[in-house]
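J.: Need coordinates for the below:
(chains A and B)
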Amino acid sequence: EDQVTQSPEALRLQEGESSSLNCSYTVSGLRGLFWYRQDPGKGPEFLFTLYSAGEEKEKERLKATLTKKESFLHITAPKPEDSATYLCAADTGGGNKLTFGTGTQLKVEL
Amino acid sequence: NAGVTQTPKFQVLKTGQSMTLQCAQDMNHNSMYWYRQDPGMGLRLIYYSASEGTTDKGEVPNGYNVSRLNKREFSLRLESAAPSQTSVYFCASSVTGGFNSPLHFGNGTRLTVT
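T.: Okay, the predicted model is just below:
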């Protein structure tokens, strides 16, 4: 059975305090690893897709990396507006074969 | 550009009542999906439509039916609501059903069944 585990469940940072979120996966035949951001009361918003081990993608203060067993979302010098729940999803064959993790709830304080 | 629009935003039903959740996308996407999100669990796929005219079951289809009305619209029906269907429901769409096509989500319908 495909499994995706995110850690930690919750993370509280001070503004400017860099950290990383983890997404470990055990799936058959990874085609891609997605990262989404979800604000309270909203739907997930697409951030990145990673396709192969060693790949990295960046967007503002976020950088996503991928290994054969896990993905990291690195947040550099976070700001309060980065507070959200971050979801990862392993794709093993298209939109109907996504396995989502339960998310990391990030709060960035002044 | 509205993206994916879901209605209603909130709904309270009594056990046994029926309702239809509506979803429309204006991005000319081919594939559409219905997910539910429950505390402590990842998003779970209820039904999907790879293209207009086709629908297939996902991971948790029991108690639900869907209709792909046209390319833009994909509705989810609860025929006889149960408390276990209390959840947040998300509709999503993607350009194709392929593995390189990220999902775009609506803002959800929060459903409570009493």
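
J.: Tell me the secondary structure of the residue nearest to the spatial centre of chain B, please.
T.: Among the residues of chain B, the one closest to the centroid is residue B:34, at 2.6 Å (C-alpha atoms, centre = their mean). Under the three-state scheme (DSSP: H, G, I helix; E, B strand; the rest coil), the conformation of residue B:34 reads as strand.

J.: Which positions are bridged to it in the beta structure?
T.: Taking DSSP bridges as the rule, residue B:34 bridges to residue B:47, residue B:91.

J.: which parts of chain B sit against chain A?
T.: Counting by C-beta under 8 Å from any C-beta of the partner chain, the residues of chain B close to chain A are B:4, B:31, B:33, B:40-45, B:48, B:50, B:56, B:58, B:90, B:92, B:94, B:96-108. In short, each C-beta sits where N, CA and C put it, glycine included.

J.: Which parts of chain B are strands?
T.: Under the criterion DSSP state E, chain B contains strands at B:4-7, B:10-13, B:19-25, B:31-37, B:44-49, B:56-57, B:64-68, B:74-78, B:87-94, B:104-105, B:109-113.

J.: of those strands, which approaches residue A:103 most closely?
T.: With C-beta to C-beta as the criterion, residue A:103 lies closest to strand B:31-37 of the strands of chain B, at 9.5 Å.

J.: Where does the prediction get shaky in the chain?
T.: You didn't pick a chain, so chain A it is. Applying pLDDT under 70 to chain A flags the ranges A:95.

J.: oops, chain B please
T.: In the prediction, chain B carries residues with pLDDT under 70 at positions B:1.

J.: If we use 90, what do you get?
T.: B:1-2, B:40, B:42, B:96-101 (pLDDT under 90).

J.: What distance do you get for residue B:43 to residue B:108?
T.: Look at residue B:43 and residue B:108: by C-beta to C-beta, to the nearest Å, they are 11 Å apart.

J.: Overlap in contacts, these two.
T.: Counting by C-beta atoms under 8 Å, 6 or more residues apart in numbering or on different chains, the common neighbours of residue B:43 and residue B:108 are B:37, B:90.

J.: okay but residue B:80 is in contact with residue B:18, surely?
T.: Yes. Residue B:80 lies in contact with residue B:18 (C-beta atoms under 8 Å); the separation is 6.4 Å.

J.: So which of residue B:43 and residue B:108 has more stuff around it?
T.: Taking neighbours as other C-beta atoms under 10 Å in any protein chain shown, residue B:43 and residue B:108 compare with residue B:43 leading, 28 against 23.

J.: For the more buried one, which residues are in contact?
T.: Taking C-beta under 8 Å, 6+ apart as the criterion, residue B:43 is in contact with A:44, A:87, A:89, A:98, A:100, B:35-37, B:90.

J.: cool, and residue A:15?
T.: For residue A:15, the contacting residues are A:77-80, A:108-110, by C-beta under 8 Å, 6+ apart.

J.: give me phi/psi at it?
T.: Main-chain dihedrals, residue A:15, degrees, to the nearest 10: phi -50, psi 130.

J.: Could you find the closest non-adjacent residue to it?
T.: residue A:110 (5.4 Å; C-beta to C-beta, 6 or more residues apart in numbering or on different chains).

J.: now residue A:55
T.: Closest residue to residue A:55 apart from its sequence neighbours, by C-beta to C-beta, 6+ apart: residue A:66 at 5.2 Å.
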